[in-house]
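Chemist: predicted structure and sequence below. I'll ask about it afterward.
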Amino acid sequence: MNDALPQEAAILPVRDMVVFPGMIVAITVGREKSLRLVRDAVDIAGPIVIVAQRDLNVEYVTVADLYEIGTICKIHHSLQLPGDMLKIMVQGLQRVRVGPYLGTEPYLRARISPEPDQEEKGPESEAIMHNVMSQLRRYAELLSSFPEDLLTVAMNIEEPNKLCYLLGFNLPFKLAERQSLLEVASSRQKLRQLSEMLAREIAIQELGQKIQAEVQGTVGKTQREFLLREQLRAIQKELGELDERTVEIEELRQELQNARPSPEALKEAERELGRLEKLPPISPEYTVIRTYL
């Protein structure tokens, strides 16, 4: 693409997306300037440069709202959507530096210069790439919704830049992190950044699973205790061995149900009954809770 790279191009700002070289992606276009840009580009079959905007909430984009590194892209086809919107299928071709800008009407135009990716070979790159693949497999194990075909494709990629771009586009990284992968020329540095990003995502998933297991363990313990108490009570009742405390607590529980208190009061009363069941009758606290109920 270097030989055919134009000196200037139309700039298409996009929200919450970074288009990487080699990727084919669908983009929905709805802003007036963007629609005009796409239609003009389709008419002349010319390339455009796609640049991510820093804040996805900005509607009327200025030069200051855009990153300086983008991707020159080819529009493969466009589809008219309802509501005067277009869906375009674009292919990322090459990283470019954008600027200086030449104009803002009828849409942004700027000079562009090539920023070719650097493929770095060697033992260090191989070691980092091996580590990234191990992290990816671990992440896939933790995430039940992880697409199996993505893991298969990633495992068969040998070029570090392609791997970084594939995962940078498909994994739930922040926009700034994706943009950082695009901006770094060194494939080795791209891999290091990707490894750090994966490590954070793995830590988040592992922590989430740990918290979930702890919560389920607590709930399970409470449910087991309740069932065991109910089974013990049923056995004692069947054998005619209910002690006075158990009878008293059962009478309190029946009176509580007959009183039909508010949900808040019922919840509080049930909590106090549970405490009462665990206390010996000689405990001063037993008398206090019983009187309170």
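Modeler: Cool, the structure landed.
Chemist: give me the beta-bridge partners of the spatially closest residue to Glu183 that is not a sequence neighbour?
Modeler: The shortest distance from Glu183 to any non-neighbouring residue, by C-beta to C-beta, 6 or more residues apart in numbering, is to Ile69 (4.6 Å). The way it works is simple: take the backbone N, C-alpha and C, and place the C-beta from them, glycine included. For Ile69, the beta-bridge partners are Arg97 (DSSP bridges).
Chemist: what's the distance between Ile69 and Gln53?
Modeler: 13 Å (C-beta to C-beta, to the nearest Å).
Chemist: centroid residue for the protein?
Modeler: Nearest to the mean C-alpha position of the chain, by C-alpha atoms, centre = their mean, lies Pro172 at 4.3 Å.
Chemist: quick one, what contacts that one?
Modeler: Neighbouring residues of Pro172 by C-beta atoms under 8 Å, 6 or more residues apart in numbering: Glu201.
Chemist: neighbours of Ile11, how many?
Modeler: Using other C-beta atoms under 10 Å, the number of residues around Ile11 comes to 26.
Chemist: same question for Met129.
Modeler: Other residues within reach of Met129, judged by other C-beta under 10 Å, total 21.
Chemist: what about the residue nearest to the centre of the chain, is that helix, strand or coil?
Modeler: Here Pro172 is coil, with the state taken from DSSP: H, G, I helix; E, B strand; the rest coil.
Chemist: where does this structure dip in pLDDT?
Modeler: 1-3, 217-222, 224-245, 247, 280-283 (pLDDT under 70).
Chemist: if you set the cut-off to 50 instead, what comes out?
Modeler: 241 (pLDDT under 50).
Chemist: so how far is Pro100 from Ile249?
Modeler: For Ile249, the distance to Pro100 (C-beta to C-beta) stands at 82 Å.
Chemist: and those two? Which one has more around it.
Modeler: Ile249 (19 against 8).
Chemist: for the more buried one, what are its contacts?
Modeler: 273, 276-277 are the contacts of Ile249 under C-beta under 8 Å, 6+ apart.
Chemist: show me how to select, in ChimeraX, the buried members of these.
Modeler: Listed next is the ChimeraX selection for buried residues among the contacts of Ile249, using 16 or more other C-beta atoms under 10 Å:
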select :273,276
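Chemist: now distance to Glu8 and secondary structure too, for the contacts of Ile249, in JSON lines please.
Modeler: Below are the contacts of Ile249 laid out as JSON lines (distance: C-beta to C-beta, whole Å; DSSP: H, G, I helix; E, B strand; the rest coil):
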{"residue": "Leu273", "distance to Glu8": "78", "secondary structure": "helix"}
{"residue": "Leu276", "distance to Glu8": "81", "secondary structure": "helix"}
{"residue": "Glu277", "distance to Glu8": "80", "secondary structure": "helix"}
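Chemist: CSV for the contacts of Ile249, including distance to Pro82?
Modeler: Output for the contacts of Ile249, formatted as CSV (distance: C-beta to C-beta, whole Å):
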residue, distance to Pro82
Leu273, 60
Leu276, 65
Glu277, 63
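Chemist: tell me the one of the contacts of Ile249 nearest Leu108?
Modeler: Leu273 (69.5 Å; C-beta to C-beta).
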